[in-house]
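A.B. asks: I would like to see how this sequence folds:
(one chain, ligands or ions: 1)
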Amino acid sequence: MKIVIDPARRMPHAGGVMSTVLIIGAGGVGHVVAHKCAQMSEVYTEIHLASRTVSKCGAIAEDVRKRTGRTVRTHAVDADDVPSTVALLREVKPELVLNVALPYQDLPLMDACLEAGVNYLDTANYEPRDVAHFEYSWQWAYEECFRKAGLTALLGSGFDPGVTNVYTAWALKHHLDEIHTLDIIDVNGGNHGQAFATNFNPEINIREVTAPCRHWEDNAFQETKALSTHRAFTCPEGVGTFEIYRMFHEEMESLVKHIPSIRRAQFWMSFSPSYINHLQVLEDVGMTRIDPVEYNGAQIVPLQFLKAVLPNPGDLGRTTRGRTCIGVVATGVRDGRFKGVYIYNICDHEKCFEEVGAQAVSYTTGVPAAIGGSLLLQNIWKGPGVLNMEQNDPDPFMAELNRRGLPWKCLELTEEQARNLHVV
Ligand code: NDP
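C.D. replies: Numbers count the residues shown, from 1 in each chain. Sure, this is the predicted structure:
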């Protein structure tokens with residue numbers, strides 16, 4: 001990996017100084033990030049958006065112009081191609097790359113940022129195309145290069161990972177001397193009116209959901225069959241009761257590393273009976289396979305073909321009703337006694353659509369990406385190096401969540417409530 005730094009570009013700028021951002025990825029999340037950066041004009045003074053299909057950037061830029069009056073400059077880029085991304089970075093000269101393309105692009109984009117001397121942020125950890133396996137080791141391996149270059153890479157600044165890491169760090173800072181158990185619960189109580197659709201990129205979503213479940217217990221990740229453990233969960237504020245399924249999620253990997261007192265960490269996500277039935281059939285007939293099969297003389301990957309025929313999550317905003325409820329139950333000790341808290345956000349799909357023209361899953365990912373970027377650009381969160389969210393002071397991020405559309409609440413739980421995940 002070659003590192004060439006332009007010293008004029010390498011440090012984030014303090015508030016009040018011009019800061020240019022390059023958003024990469026013009027999907028559902030990119031749409032929200034562009035709108036939120038445009039709203040945060042005091043930090044993001046110049047906004048560029050690049051993606052593989054430049055017409056999608058143009059459509060987002062036009063929507064941002066209509067809603068905020070601000071200009072978003074657009075570019076075509078294949079982020080898998082490091083030299084052409086470096087060329088774009090040298091032309092645009094951003095202080096920060098906000099990567100909201102796909103997890104496959106994380107490493108090429110980190111390489112390009114190192115070469116051009118630009119800070120980096122993403123919302124999902126690297127995943128190789130040919131194995132449905134994601135872990136931080138590949139990106140943590142860049143620590144020394146980023147540190148030496150005086151650059152910062154902020155990993156996982158979405159909602160989960162992202163806000164859930166910050167909630168955990170905040171619980172540790174303000175409520176618990178030690179965290180012993182962590183349950184991250186992601187409920188999408190919305191209904192998009194489609195028989196089957198995913199909340200975000202279908203390929204990434206289905207790879208994640210069908211992977212074996214791993215949770216942290218007895219100092220190791222324990223593997224169980226995908227979606228084999230589930231239970232009912234009642235959300236606060238009348239969002240409803242949903243079946244939540246235990247699965248692996250990447251923030252557990254960084255959280256148990258950085259908060260070693262955690263004895264058990266589990267991640268739960270809600271799925272409707274219809275989603276589970278469709279997924280089961282698709283799996284049974286081989287449509288979720290990620291290895292290529294020959295069809296009419298061409299090699300096709302069934303899951304990529306499936307993505308092409310499923311609804312585009314970015315288009316679901318118009319029809320989605322209901323709310324998301326994502327939160328963290330953290331238990332442990334305070335002054336030698338049990339303490340448990342539930343920190344959560346509830347987000348309304350229709351309100352998100354009204355504000356930025358996107359559904360709540362894209363919104364709850366895009367807003368934290370824009371916030372994480374703004375804290376870096378203002379030098380409030382600082383590197384250099386490769387950082388996970390919980391390694392930073394949670395307070396400024398928690399304050400920004402309240403300001404920027406994702407307000408949160410914290411409930412204290414009894415030991416029995418926490419054990420049974422009864423938060424209401
Ligand atoms: P989409 O599929 O809607 O958008 C991805 C965009 O990236 C598309 O515009 C696509 O271009 C573009 N892209 C793909 N490959 C390349 C490439 N090689 N070069 C340039 N652009 C490329 O996905 P979402 O917006 O739903 O998700 C974006 C990211 O957010 C994903 O990594 C996802 O895992 C993450 N995410 C994180 C969450 C969190 O809470 N942390 C929650 C939800 C999502 P094209 O249109 O041409 O295909």
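
A.B. asks: now the residue in the stretch 301-424 of the chain that the ligand sits nearest to: which helix or strand?
C.D. replies: Closest to the ligand within the stretch 301-424 of the chain is residue 365: 3.9 Å, counting by Cβ to the nearest ligand atom. Placement of C-beta: from N, CA and C, glycine included. Secondary structure assigned from DSSP states H and E places residue 365 in helix 360-377.

A.B. asks: the stretch 51-200 of the chain: helices as residue ranges?
C.D. replies: 54-68, 82-92, 106-116, 137-140, 143-149, 163-174 (DSSP state H, counting those that start in this stretch).

A.B. asks: in the stretch 101-250 of the chain, what residue comes closest to the ligand?
C.D. replies: Across the stretch 101-250 of the chain, the shortest distance to the ligand (Cβ to the nearest ligand atom) belongs to residue 158, at 2.3 Å.

A.B. asks: circling back to that earlier point, how about the helices of the stretch 51-200 of the chain in TSV, adding distance to the ligand and mean neighbour count?
C.D. replies: Below are the helices of the stretch 51-200 of the chain laid out as TSV (distance: least, Cβ to the nearest ligand atom, whole Å; neighbours: other Cβ atoms under 10 Å):
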stretch	distance to the ligand	mean neighbour count
helix 54-68	5	17
helix 82-92	8	18
helix 106-116	8	24
helix 137-140	13	16
helix 143-149	20	17
helix 163-174	8	25
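
A.B. asks: before we move on, back to that, count the neighbours of the residue of the stretch 301-424 of the chain closest to the ligand for me.
C.D. replies: 27 (other Cβ atoms under 10 Å).

A.B. asks: how about it, what does it touch?
C.D. replies: By Cβ atoms under 8 Å, 6 or more residues apart in numbering, residue 365 lies in contact with 29, 32, 100, 123, 158-159, 162, 200.

A.B. asks: any chance of the helices of the stretch 51-200 of the chain in CSV with distance to residue 395 as columns?
C.D. replies: Shown next, in CSV, are those (distance: least, Cβ to Cβ, whole Å):
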stretch, distance to residue 395
helix 54-68, 28
helix 82-92, 32
helix 106-116, 27
helix 137-140, 25
helix 143-149, 24
helix 163-174, 7
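
A.B. asks: how about those helices in TSV, adding mean pLDDT?
C.D. replies: Output for those, formatted as TSV (pLDDT from 0 to 100):
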stretch	mean pLDDT
helix 54-68	98
helix 82-92	98
helix 106-116	98
helix 137-140	97
helix 143-149	98
helix 163-174	98
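
A.B. asks: which one of these lies nearest to residue 329?
C.D. replies: Nearest of those to residue 329, taken as Cβ to Cβ: helix 163-174 at 9.4 Å.

A.B. asks: excluding chain neighbours, what is closest to the residue of the chain found nearest the ligand?
C.D. replies: Closest approach between the chain and the ligand, counting by Cβ to the nearest ligand atom: residue 27, at 1.7 Å. Using Cβ to Cβ, 6 or more residues apart in numbering and skipping residues adjacent in sequence, the residue nearest residue 27 is residue 314, 5.6 Å away.

A.B. asks: now do the contacts for the one you found.
C.D. replies: Residue 314 neighbours (Cβ under 8 Å, 6+ apart): 27-28, 31, 358, 362.

A.B. asks: among these, which are in strands?
C.D. replies: For the contacts of residue 314, not one is inside strands, with DSSP state E as the criterion.

A.B. asks: make a markdown table out of those and add pLDDT and neighbour count.
C.D. replies: Shown next, in a markdown table, are the contacts of residue 314 (pLDDT from 0 to 100; neighbours: other Cβ atoms under 10 Å):
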| residue | pLDDT | neighbour count |
| --- | --- | --- |
| 27 | 95 | 22 |
| 28 | 94 | 24 |
| 31 | 98 | 27 |
| 358 | 95 | 28 |
| 362 | 95 | 29 |
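
A.B. asks: in the chain, where is pLDDT below threshold?
C.D. replies: Applying pLDDT under 70 to the chain flags the ranges 1-17.

A.B. asks: mind listing what the residue nearest in space to the middle of the chain touches?
C.D. replies: Centroid-nearest residue in the chain, with Cα atoms, centre = their mean: residue 158, separated by 3.0 Å. Counting by Cβ under 8 Å, 6+ apart, residue 158 makes contact with 29, 123-124, 364-366, 368-369.

A.B. asks: for the nearest residue to it once chain neighbours are set aside, what are its contacts?
C.D. replies: Of all residues not flanking residue 158 in the chain, residue 123 sits nearest, at 3.3 Å (Cβ to Cβ, 6+ apart). Residues in contact with residue 123, defined by Cβ under 8 Å, 6+ apart, are 29, 99-100, 156-158, 161-162, 365, 368-369.

A.B. asks: hmm, 6 Å instead?
C.D. replies: Contact partners of residue 123, counting by Cβ atoms under 6 Å, 6 or more residues apart in numbering, are 100, 157-158, 365, 369.

A.B. asks: before we move on, the earlier item: and the furthest pair within the contacts of residue 314?
C.D. replies: Taking Cβ to Cβ as the measure, the contacts of residue 314 span a maximum distance of 10.0 Å, between 27 and 358.

A.B. asks: now do the same for residue 331: helix, strand or coil?
C.D. replies: Following DSSP: H, G, I helix; E, B strand; the rest coil, residue 331 is assigned to strand.

A.B. asks: which residues touch it?
C.D. replies: Contacts of residue 331 by Cβ under 6 Å, 6+ apart are 180-181, 340, 418.

A.B. asks: out of these, who's nearest residue 41?
C.D. replies: If you rank the contacts of residue 331 by distance to residue 41 using Cβ to Cβ, residue 340 comes first, at 40.3 Å.

A.B. asks: and that closest one, that's in a strand?
C.D. replies: Yes - using three-state DSSP, the assignment for residue 340 is a strand.

A.B. asks: can you pull the contacts of it?
C.D. replies: Going by Cβ under 6 Å, 6+ apart, residue 340 touches 331, 413, 418.

A.B. asks: repeat the analysis, applying 10 Å as the threshold.
C.D. replies: 171, 175-176, 180-181, 329-332, 334, 411-419, 423 (Cβ atoms under 10 Å, 6 or more residues apart in numbering).
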